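Asks: The following block contains a protein sequence and its predicted model.
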Amino acid sequence: MTDPQPTVTLPDGETVPAYGQGTWHMGEHRRRAEAEAAALRLGIELGVKLIDTAEMYGNGVAEQIVARAMAGRRDELFIVSKVLPYNASRRGVVEACERSLKRLNTDHIDLYLLHWRGSVPFAETLSGFDRLQRDGKIRHHGVSNFGLDDIKEWVALDGGGAVATNQILYNLTRRGPEWDLIPWCRERNIPIMAYSPIEQGRMLGHRALAEVAAKHRATPAQVALAWLLRQEGMIVIPKATEAAHVRENRLALDLALDETDLATLDRSFPPPKGRTALGML
Ligand code: NAP
């Protein structure tokens with residue numbers, strides 16, 4: 001297996017893993033909690049050092065599951081969490097982060113994101129992020145589900161230029177952001193974090209994926225993930241609770257797609273021909 005794993009460089013020069021584990025829908029059923037923590041632990045053992053979570057997931061319980069999974073290994077990991085837009089006032093952001101820190105059983109979050117745009121003025125959220133950063137409670141901050149107009153507005157504000165990522169819905173079936181949002185971020189060295197990279201499993205029956213997978217003795221999920229991982233400045237965060245899925249997805253790092261594969265995928269999943277609104281799940 002590929003080791004060391006590929007990295008992406010944040011605007012301040014720090015490198016972070018390009019491949020991580022998602023946690024949405026974890027923490028929703030108590031009987032599944034141990035299996036979910038075990039899946040994350042397996043990923044960590046396989047060398048996956050970035051975990052994406054949010055205060056929203058399982059109403060905070062996903063963060064507790066992350067804490068269980070990373071016990072004793074916090075220092076090896078890069079933890080991403082997110083504040084809900086209705087907690088994103090200056091004071092609300094600080095309090096939400098402190099609650100997340102307790103649930104995560106850690107003294108800092110590596111990257112803290114505004115989950116999506118709400119009604120709180122961006123300047124207030126940025127001021128809360130700044131406070132948290134100065135207190136050492138978060139190391140970097142960024143945004144999620146921001147379309148081009150949103151992110152332009154954010155970076156124009158005091159402190160907004162420090163945006164360390166835009167986490168968006170992006171996969172082979174959702175190529176809209178390639179039109180303008182991804183190039184705009186890339187020009188400014190703002191990494192993209194691609195969420196729902198296998199479209200929550202819905203894309204896996206597609207013939208083109210099966211065709212490319214068969215050629216490489218790989219699986220459709222590995223092809224979908226490898227297609228994202230080959231892109232510069234792209235962080236990819238599939239979620240898996242099944243141990244077999246964790247292992248399978250991790251092997252996507254070893255899959256190199258060639259020009260013929262990319263052309264096959266382009267025919268079935270064409271790039272955008274114009275601007276579209278950013279999707280959200
Ligand atoms: P995803 O990673 O595309 O798909 C997860 C689903 O696919 C799970 O049901 C999982 O099943 C299944 N799966 C995983 N690997 C598989 C494989 N190799 N073969 C077949 N099925 C497989 O979707 P996601 O969870 O929506 O997105 C990933 C992460 O991005 C989230 O967990 C979350 O951390 C983040 N996210 C962020 C936002 C946002 O608004 N910022 C929105 C959505 C997601 P099992 O769990 O049973 O293994």
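Replies: Okay, I see it.

Asks: quick one: Ala54 from the ligand, how far?
Replies: Taking CB to the nearest ligand atom, to the nearest Å as the measure, Ala54 falls 7 Å from the ligand. Using the backbone N, CA and C atoms, a C-beta is placed for each residue, glycine as well.

Asks: State the number of residues packed around that residue.
Replies: 22 (other CB atoms under 10 Å).

Asks: Thought Asn87 was touching it, still the case?
Replies: No: checked against CB atoms under 8 Å, the pair Ala54 and Asn87 is beyond contact range at 11.2 Å.

Asks: can you give me the end-to-end distance of stretch 223-237?
Replies: Chord length of stretch 223-237, first to last residue, is 14 Å (CA to CA, to the nearest Å).

Asks: Mind listing what's buried along that stretch?
Replies: For stretch 223-237, burial by neighbour count (16 or more other CB atoms under 10 Å) applies to 223-229, 231, 233-237.

Asks: One more: stretch 245-252?
Replies: Quick answer for stretch 245-252 (16+ other CB under 10 Å): 245-246, 248-252.

Asks: so who does the closest residue to Thr276 other than its chain neighbours touch?
Replies: Nearest in space to Thr276, with sequence neighbours left out and distances taken as CB to CB, 6 or more residues apart in numbering, is Gly176 at 3.9 Å. Contact analysis of Gly176 by CB atoms under 8 Å, 6 or more residues apart in numbering lists 272, 275-279.

Asks: Torsion angles phi and psi at Gly176?
Replies: Main-chain dihedrals, Gly176, degrees, to the nearest 10: phi -50, psi -40.

Asks: Please tell me how far it sits from the ligand.
Replies: Look at Gly176 and the ligand: by CB to the nearest ligand atom, they are 15 Å apart.

Asks: how about CSV for the buried residues of stretch 245-252, with pLDDT and distance to the ligand added?
Replies: CSV is the format used below for the buried residues of stretch 245-252 (pLDDT from 0 to 100; distance: CB to the nearest ligand atom, whole Å):
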residue, pLDDT, distance to the ligand
His245, 98, 4
Val246, 98, 7
Glu248, 98, 4
Asn249, 98, 5
Arg250, 98, 10
Leu251, 97, 10
Ala252, 98, 9
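
Asks: I'd like these as JSON lines, with secondary structure appended.
Replies: What follows is the buried residues of stretch 245-252, written out as JSON lines (DSSP: H, G, I helix; E, B strand; the rest coil):
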{"residue": "His245", "secondary structure": "helix"}
{"residue": "Val246", "secondary structure": "helix"}
{"residue": "Glu248", "secondary structure": "helix"}
{"residue": "Asn249", "secondary structure": "helix"}
{"residue": "Arg250", "secondary structure": "helix"}
{"residue": "Leu251", "secondary structure": "helix"}
{"residue": "Ala252", "secondary structure": "helix"}
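
Asks: circling back: near the ligand too, which of the buried residues of stretch 223-237?
Replies: Contacts with the ligand within the buried residues of stretch 223-237, counted by CB under 6 Å from any ligand atom: Ile237.

Asks: Which single one of the buried residues of stretch 223-237 is nearest to the ligand?
Replies: Taking CB to the nearest ligand atom as the measure, the ligand lies nearest Ile237 of the buried residues of stretch 223-237, at 4.7 Å.
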